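Undergrad: take a look and give me a structure for this.
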Amino acid sequence: MAETDFGYRRVEPEEHARLVRGVFDSVASKYDLMNDLMSGGLHRAWKATLMNWLNPRPGHTLIDLAAGTGDIAIRFMRRVDGNGVAILCDANESMLRVAVDRGLDAGIASGMRHVVADAADLPLARGIADHCTIAFGLRNVTRRADALAEARRILAPGGHFLCLEFSHVVVPVLRELYDVYSHRVLPALGQIVAGDREAYQYLVESIRRFPDQPTLAREIADAGFANVSFRNLSAGIVAIHSGWRI
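TA: Next comes the predicted model:
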């Protein structure tokens, strides 16, 4: 398989997966705090918008890819009043350990399952989910096309896929300010709070290497999803992409 981007570097796929695991192993304990600091709390509004668009119902099953510390799954379980199933899949066991603790603290752990797995190779049966989400994780997947194909495979007919991801700012003046903030402030913040400047330097670079909104929409359609669309949030700092399993 051809080399892939790890930030601004080109690396072999096997090395990419190892390096990404290392990044998130390093920052797992501070991940939620850093999300609040980096986004000024906006990530909470972005995730609320995703959940409103998903609009799950009691009895539904969610598979959350690159589930991290469980933010989306916990929101889902609260939305369905605990009457549902959330399967959290992440390649980083250290992140899922935080998700387990958060689920216990929230009193909704009984509806949550945790699977250590790459989004591009899921040990899950075909068509078992009503919803599939991935939030701020697709840009870290080594084999993005395979991950999108897997997302479609595990959805039942009529199932909904939503991807929330950092994207490309569509307002020129804001784009320039965002570039300065990203490259100068975020790595320094990562050093101060998480003790790992390089991890957050990678995260900034991975955002810059990620496809723009129309390109990602085409990739999702190429994976077999129908009625693909996207919405920009905060002038394109992030975007939510939607696709349906028909």
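Undergrad: mean confidence (pLDDT) on stretch 40-48, please.
TA: Mean pLDDT, computed over stretch 40-48, is 92.
Undergrad: ok, then the element right after the longest strand seen in the chain?
TA: Longest strand of the chain, by residue count under DSSP state E: strand 155-166. Scanning forward in sequence from strand 155-166 by DSSP states H and E, the next helix or strand is helix 172-180.
Undergrad: okay, that next one in CSV with CA atoms only?
TA: Taking Å, rounded to 0.1, in the frame of the first residue of the first chain, the C-alpha atoms of helix 172-180 are listed here in CSV:
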residue,chain,number,x,y,z
PRO,A,172,-10.8,34.1,4.0
VAL,A,173,-10.1,36.5,6.9
LEU,A,174,-11.1,33.9,9.5
ARG,A,175,-8.9,31.3,7.7
GLU,A,176,-5.8,33.4,8.2
LEU,A,177,-6.6,34.0,11.9
TYR,A,178,-7.3,30.3,12.4
ASP,A,179,-4.0,29.3,10.8
VAL,A,180,-2.1,31.5,13.2
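Undergrad: what lines up beside the longest strand of the chain in the sheet?
TA: strand 129-135 (parallel), strand 238-244 (antiparallel) (DSSP bridges).
Undergrad: show me how far the last one is from its chain's centre.
TA: In terms of CA atoms, centre = their mean, to the nearest Å, the gap separating the centre of strand 238-244 from the centre of its chain is 11 Å.
Undergrad: how about that strand: buried residues?
TA: Within strand 238-244, the residues scored as buried using 16 or more other CB atoms under 10 Å are Val238, Ala239, Ile240, His241, Ser242, Gly243, Trp244. Backbone N, C-alpha and C define where each C-beta goes, glycine included.
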